[in-house]
Structures are given as C-alpha cells and as structure tokens.
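> sequence below, structure please.
(one chain, ligands or ions: 1)
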Amino acid sequence: MVSLLVMVVAALPLYWAFSKFTRFRRNLKDAKSTGLPYVIQPVYPITLFWIISGKLWLKLINKTWPDSWHKSWSKFLSPDWSWNELYDAHRELGTDTFITVSPVTNMMWTADPSVIHQITTRQVGFPKPIKDYKVLDIYGRNVVTTEGPEWRMHRKATAPGFNETNNSLVFTESVAQAQGMIRKWMDGEEKSSRTLNDVPADCMRVALHIISAMGFGVRLLWPGDEFSTGDKDSGLIHMGDKPLGEHTMSFEKALSTVLDDIFVLMLTPRWLLKIAPMKRAKRAWESYKNWKLYMEELLEKKVEAELAGEKTLGMDIMGALVKSATDADRPDQKKSPGQLESNKGKRGLTDENIIGNSFVMLLAGHETTANTIHFSLMELAMAPSSQRNLQKEVCTIFGDSDPKTWDYAYSVNNLLGGMVGATMNEMLRLMPPVTNIPKMASANQDQVIVVDGQKHTLPKGLYINFNVVGAHRHPKCWPSKGVSKVSGKSDDLDDFIPERWLKEDASTHIEEDSEEEDFGGFTGKTSSAQLFRPTRGSFLPFSDGPRSCLGRRLAQVELIAVLAVIFQQYSIELAVDEWASDEEVANMSVPEKLEVYAKATKKAREVIRTASSMITLKLNFGQTYIPARLVKKGEERFIRYIE
Ligand code: HEM
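I've put the predicted structure just below:
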C-alpha cells in the first residue's frame, strides 16, 4: 500500500511534465499555423508563481547563463517587458506583431497600429479576456469586468455620468484642488521656493480629492482648508476628517487605503481576509468594510435625493448611476432606499452594481491621473524650454486672473489645443499609465487579421496584448527631429518633447478616422483638432473603439486644469539638496549651477526608468522618488539658464 502511494506521488511530477510538454507542442503548432513570427518561452509569465518569483529567476538566469542561451526569449518573461524594451524588441525581431509560445498558453503581442485598429474596432471578434478581470468584482459586477450584453447594460448606465456639465465641475474642482495642493506645498509661507519630497503622494492625494468629488459628490480638504458655503452650493458634501458613526476610518482614509490594499483585496477571499491575523490583511479588511459602508450610506442619500427630485443628483458619477438605474428600470415609478437591490435579475442596475461601478471608477480614475500629473511635473523640470513655452501660453490665456474665475469652455478649448494639451499628450505617449491592453480572439471562432497586407488566421481563444509603449514609439508613426538626447537613438521618440504635437512642429500630419459608433462617454478625438493627429492605433493611452476609456474627457480636463494652475504662478525645478545646500547654490556661478543640475537630471532619468507597472506605470512609492522644488516664477535658480 505504502509503495503504491510512493509510486503515485513519484509519478505526479512526470505526469505534470508530460502534460506541459503535450500542451507546448499543441501551442507551437497553433502559433505556426498563424504564419506569424513566434518566440518560444519555457514558462508563461502571467501566473502567480512567476509574478511573485519571476524577478529572482530572471536575475539568476542573467547572471549564470551565457547571453546566447536566453537573451532572445528571457526579456519577454518580465511582466514589464514592454516598458523595459520600449520599441526595441520589435526592432530586433524585425516585426511589430509576434506570438510568444509557452507550455501554458500563447500570446500575440502587437505594436502595429493597423493591427491594433482592426482589433479595437471588432469587439465581437476580439472581446476582453474578462476571466482575468473577475478579481475586480470586489464590490459587484461592473462596466470594466463584463462583456457582451451585460457590458452594454453597464456602459449605458454609467456613460450619462460623463457629460459636459459634469466635466465643467471637474474643471472647477481640479482648479480648487490644485490650489489646495500648492498651499500645502508652500506651507502657508510666502517663500519663493520649497523642496518637495513627496510629490508622488501629493499627486495621489490631489487626484483622490478630485475623483471623490466627481465620483461621489464628497469634497475632501487639504490641511488647514475649510468647507465653505460655496462648496455646499455646488451640491458637494463634506464628511469631516474623522471616522463617522460606525466607521473606524475617515472617508478619505477609507478611499485611500482601499486603493493601497487593492492587491490584497483582489487576491484574498473575503472570508479569509476576515480571519487572517496579519497586520496588512487586517487593514485591508477594515478598509474594505469602511469603504462599503460609506458607499451604502451615500447610495441611500442619493436615492433619497432622487425621491425628493433634487436637481444636484447626477452631478457625480454615483448620483448619475442612481438616476440611470431609476430611469431604466421603472420610468414611471419612484424608488425607495434599498429598493434597487430587489431588482436583481432584471435588466437595470442593482445596489451592488452601483457600488461595484463606483469602485472601478475610483480605481480607474485615481492612479492613472495621479501618475500623469507627477511625471509631467518631473519631465517639465528636465525640459526647461518646454516649461517656459507652457508658462507663456498659460499667461497668454489667463494673465494673472484668479483661477477660480476661469471659464470652463474658454479654458478647456484653449488649453487642450496648445502647449498644455501637447504636454499632457506627450506625457501619455511617453509613459502611458496602462502599458499593455489585453484582448483575445473570440472563444467561438477563429479570427482573420491583415498584417502588412497578408491575411493571418488567429485560432479562437488566442490571448492578445497591445504593446502600448511600443506603439507610442513606433518610428513610422511619430514625427522626430533627429537623434535622442536621452537614449542616443537615431530618432527622438524616447525624449519628452511636447512641441512635437504642435502642428507647425509636426513633420507629418495624418488625420484620424472618425468614430463610427457612440458607446457613451465623450465621443471626440483622442487629441485636440489643433494638435498633431497620430495614425489611428498608434496613440492608445485611453485604448480605442467601443471599450475605450469612459473617463477620457474627465481625465483630460483634470490634467490640463492642474497643470495650468501650477504653471500660471510657479515653475518646477529638480531639487539638488543631495549635492549642494541652498547657501552653496546661492554662491554658485552659472556653469557650476548647470553642472549640479545635470547631475540631478541624470539621477531623475535613472529613477524614472525604475518605474514599473503595478496596474498602472508608476514609481515604487516609498522606495524611489525624485525630489523637486516649487519655485515662484521669475525666481528659478537653474532652469532659466538652460535652453
Ligand atoms: C490619464 C487617465 C486615464 C487613462 C490613461 C485611462 C486609460 C484607460 C484604458 C487604457 C482603458 C482600457 C483598459 C482595458 O481595455 O483593459 C480604460 C478603461 C476605462 N476607464 Fe480609463 N483611464 C484614465 C482615466 C479614467 C478616469 C478618470 C475614469 C473614471 C472616473 C476612467 C474610467 C474608465 C472605465 C470605466 C473604463 C472601462 C470602460 C469599458 O470597458 O467600457 N478612466 N481607461
């Protein structure tokens, strides 16, 4: 009996190896059948085992094996390969589209705009692999995690929350929040400059405050600020900075920790989280409960507002969801709190769907915008002439006027069509928050695509990933004025040059196709009509087609408003405290200043390259940051001397 057991146990690894080998042979045959180039990998990188331990294995392989044994495939085993390799891996392979073959599954990668465009516009043939998104159903099913008719229902219900009236409020709120952040940076003093060591955290906070107002109608405040009568008139509420009622966390803390703990929440079943003794798990459970309770309370308030016919309902995304749910389900009947829940199984949104959608809006709209603000500030500090061009334009548009008086329509059209819009686009090109966009060939039918004029049949169920970073640096799609100052390559596509978007600077001008169908949300072009229009499929910060970002316009309005407020009165410089004190800087000659700033720039560039993609592309908070300095305009210590 014992020896039988030993034999069975000994046979298990053999069985496992045999099944992997058989699977690999089938995958290889499938890859060959497409006629596309392929790369063989011994492991599939998107498994929990590899996500946790992959970095160590890769380090070991790089150290101990000769390059010729692994270089052609090991780079694709890093979950961040597209950010590590930029467009270079495609250049080396001589192809924009290829398949990685492994013993688990195949994956097609593409940075080819034409292939991307074919896929984004054929939603039925190329749906999202929603099995992988299930982990985001933390609070309920929603527009991000569904496909087909269920997705359409969610998209139809969520889209009305993203209209121009709401975007005008996004603008007002973003201006107010940017002013709050600057007050915090200057610490209430009239100093000409201050070193800022926590720009990433402050950018996270400004974006959290904006999404709190726009997502839930809750105004969050910077230290020292007060909730005013004007805020009340805008329909926003304030929930204080202490835990309320049964809560153990304030509203802001619940919002920020539920996002910080997202990986724990995604990967741990609720029952286990509830009993797990570890500190991190306990905090994740607490933030999960607090956030849910706050959302249930807000939902109840919004349903009451709907019953009372209050006009401000619908001015935030959750309010708009309540309105959609009411209008879609029972156009003639009023609801009472909790009644939405009883609609489970019918076509409209339930309470759980509303809270599930509110959660993904928070998730989708927070880090993406926060990182773009943060990296824009850092890149502008390293590109002084672009920073000056941007300031000049903000000054032409607004002069010295108080940002609180800025009119939405006038401001947005002017900002989006010039240097501010160009800065935002260039940042999203260079460091797209979402570096890979997954799709799959329909599970029911093989799909034909055309690559370089040749037809290729993709087997049903094939996983696909767009290499967004690669497409954004595709040499055939983007105007370049010569050698890169950053990487030394023959084109300047690794460099932050907002001016490439200005039409007079762009060497080619290719019109985007028009959108064919309205899937809700803002339906305009990805980039302003006054700016360079990239070839369709080559600029994908917000994806494209029916499943493109619902919050695109909201994000654009937020980003340009925050940049305009900061650069109207201030400049951003890199801090040089590591190399010289303020006193030493004050006594430096110009060449000495240039030398020390060059050191800070070199280090900042190295730090930016350490960014990695944990849901979005960002620095490893707490471990790496770029110290910067907010300086009153005209009192810059370095960048005024740099061209
Ligand atoms: C710079 C900011 C942003 C970027 C770069 C961005 C990028 C993206 C991308 C690439 C997708 C497609 C993801 C995929 O197919 O897997 C997406 C989808 C989505 N985004 Fe954004 N996003 C941003 C801001 C926002 C904001 C502010 C919101 C809402 C408040 C939002 C809500 C959504 C939603 C709901 C979807 C899913 C749409 C659907 O599947 O129908 N995003 N976003």
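> could you find the closest non-adjacent residue to whatever residue of the chain ends up closest to the ligand?
Per CB to the nearest ligand atom, the residue of the chain with the smallest distance to the ligand is residue 551, at 2.1 Å. From N, CA and C alone the C-beta is placed, and that goes for glycine too. Nearest residue to residue 551, sequence neighbours excluded (CB to CB, 6 or more residues apart in numbering): residue 365, at 5.1 Å.
> would you tell me what the next helix or strand after the helix or strand in which that neighbour is found is?
Element membership for residue 365 (DSSP states H and E) is helix 351-382. The C-terminal neighbour of helix 351-382 among helices and strands, as given by DSSP H and E, is helix 384-398.
> residue 257 is in contact with residue 251, isn't it?
No. Assessed by CB atoms under 8 Å, residue 257 is found out of contact with residue 251, at 11.3 Å.
> checking the helix holding residue 365 against the ligand, do any of its residues make contact.
Yes. Using CB under 6 Å from any ligand atom, helix 351-382 reaches the ligand at 360-361, 364-365, 368-369, 372.
> would you mind giving those as TSV with distance to residue 17, pLDDT and neighbour count added?
Formatted as TSV, these follow (distance: CB to CB, whole Å; pLDDT from 0 to 100; neighbours: other CB atoms under 10 Å):
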residue	distance to residue 17	pLDDT	neighbour count
360	40	95	23
361	45	95	27
364	41	94	23
365	45	93	23
368	42	97	25
369	47	98	27
372	46	98	27
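> how close does residue 130 sit to residue 141?
Using CB to CB, to the nearest Å, residue 130 is found at 10 Å from residue 141.
> please say which of those two ends up with more neighbours.
Neighbour count, other CB atoms under 10 Å: between residue 130 and residue 141, residue 141 has more, with 21 against 18.
> and that one, helix, strand or coil?
At residue 141 the chain is in coil, as set by DSSP: H, G, I helix; E, B strand; the rest coil.
> find the nearest non-adjacent residue to it, please.
residue 356 (5.6 Å).
> check residue 377 too.
Using CB to CB, 6+ apart, the nearest residue to residue 377 is residue 572, at 5.0 Å.
> surely the one you found is in a helix?
No. Residue 572: not assigned to a helix; according to three-state DSSP it is strand.
> so which of residue 257 and residue 251 has more stuff around it?
residue 251 (25 against 18).
> so the more buried one touches residue 217, yeah?
No. If you go by CB under 8 Å, residue 251 and residue 217 don't touch, sitting 11.4 Å apart.
> which ones are touching residue 113?
Residue 113 sits next to 471, 474, 477, 535-538 when contact means CB atoms under 8 Å, 6 or more residues apart in numbering.
> tell me the two of those residues that are most distant?
Largest separation among these by CB to CB: 474 and 536, giving 12.5 Å.
> does residue 451 have any beta-bridge partners, and if so which?
Assessed by DSSP bridges, residue 451 has beta-bridge partners residue 454.
> confidence score at it?
Listed pLDDT for residue 451 reads 97.
> per-residue pLDDT, residue 161?
Looking at residue 161, the pLDDT reads 88.
> need the contact list for the residue found closest to it once you drop the neighbours it is linked to in the chain.
Closest residue in space to residue 161, ignoring its immediate chain neighbours: residue 320 at 3.3 Å, by CB to CB, 6+ apart. By CB under 8 Å, 6+ apart, the contact set of residue 320 is 158, 160-161, 166, 314.
> show me what contacts the residue nearest to residue 125 when sequence neighbours are not counted?
Closest residue in space to residue 125, ignoring its immediate chain neighbours: residue 447 at 4.8 Å, by CB to CB, 6+ apart. Counting by CB under 8 Å, 6+ apart, residue 447 touches 122, 125-126, 441, 457-458, 460.
> got the phi and psi for residue 636?
Main-chain dihedrals, residue 636, degrees, to the nearest 10: phi -60, psi 140.
> test my guess that it contacts residue 571.
Yes. Judged on CB under 8 Å, residue 636 makes contact with residue 571 at a distance of 5.0 Å.
> show me which of the two is the more surrounded one.
The neighbour comparison of residue 636 against residue 571 (other CB under 10 Å) goes to residue 571, with 25 against 21.
> doesn't residue 638 make contact with the more buried one?
No. With contact defined as CB under 8 Å, residue 571 does not count as touching residue 638 (9.6 Å).
> burial count for residue 615?
16.
> with adjacent residues omitted, what lies nearest to it?
residue 367 (6.7 Å).
> any stretches of the protein with poor pLDDT?
1-2, 188, 190, 229-233, 312-314, 328-348, 504-528, 621-623 (pLDDT under 70).
> in it, which spans are strands?
38-40, 97-101, 107-110, 193-196, 436-440, 447-451, 454-458, 463-467, 570-574, 612-614, 616-618, 628-632 (DSSP state E).
> for the last one, what is the distance to the chain centroid?
Which is strand 628-632. Centre-to-centre, strand 628-632 and its host chain are 26 Å apart (CA atoms, centre = their mean, to the nearest Å).
> same deal with the third one?
Computed by CA atoms, centre = their mean, the separation of strand 107-110 from the middle of its chain amounts to 21 Å.
> what lines up beside it in the sheet?
When DSSP bridges is applied, strand 107-110 pairs with strand 97-101 (antiparallel), strand 463-467 (parallel).
> dump the ones you listed to CSV, plus distance to the ligand and mean neighbour count.
CSV is the format used below for those (distance: least, CB to the nearest ligand atom, whole Å; neighbours: other CB atoms under 10 Å):
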stretch, distance to the ligand, mean neighbour count
strand 97-101, 19, 23
strand 463-467, 9, 24
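> compare these and give me the one nearest residue 392.
Per CB to CB, nearest to residue 392 of the strands paired with strand 107-110: strand 463-467, 35.7 Å.
> okay, the closest one in PDB with CA atoms only?
The C-alpha trace of strand 463-467 is given here as PDB (Å, rounded to 0.1, in the frame of the first residue of the first chain):
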ATOM      1  CA  TYR A 463      -4.700  35.900 -26.000                       C
ATOM      2  CA  ILE A 464      -3.600  39.200 -27.400                       C
ATOM      3  CA  ASN A 465      -1.800  42.200 -25.800                       C
ATOM      4  CA  PHE A 466      -1.200  45.600 -27.300                       C
ATOM      5  CA  ASN A 467       2.300  46.900 -26.600                       C
END
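> what's the angle between that strand and strand 436-440?
Going by axes from the mean of the first three to the mean of the last three CA atoms, to 10 degrees, strand 463-467 is angled at 150 degrees with respect to strand 436-440.
> just the angle between strand 463-467 and strand 447-451, please?
30 degrees.
> give me the neighbour count for the spatially closest residue to residue 227 that is not a sequence neighbour.
Nearest in space to residue 227, with sequence neighbours left out and distances taken as CB to CB, 6+ apart, is residue 238 at 3.9 Å. By other CB under 10 Å, the residues close to residue 238 number 15.
> please apply the same query to residue 323.
18.
> also residue 309?
Quick note: residue 309 (other CB under 10 Å) scores 8 neighbours.
> cool, residue 567 as well?
Applying other CB under 10 Å, I find that residue 567 has 25 neighbouring residues.
> go on, residue 181?
Residues near residue 181, counting by other CB under 10 Å: 21.
> that one contacts residue 207, correct?
No. Counting by CB under 8 Å, residue 207 is not a contact partner of residue 181; they are 10.1 Å apart.
> the ligand contacts on the stretch 501-643 of the chain?
Close to the ligand, as judged by CB under 6 Å from any ligand atom, the stretch 501-643 of the chain has residues 541-543, 547, 549-551, 554-555.
> neighbour count and distance to residue 274 added to those residues, as TSV?
Formatted as TSV, these follow (neighbours: other CB atoms under 10 Å; distance: CB to CB, whole Å):
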residue	neighbour count	distance to residue 274
541	25	38
542	22	37
543	20	36
547	20	34
549	21	34
550	27	32
551	25	32
554	28	35
555	25	35
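> thanks again, I'm all set now.
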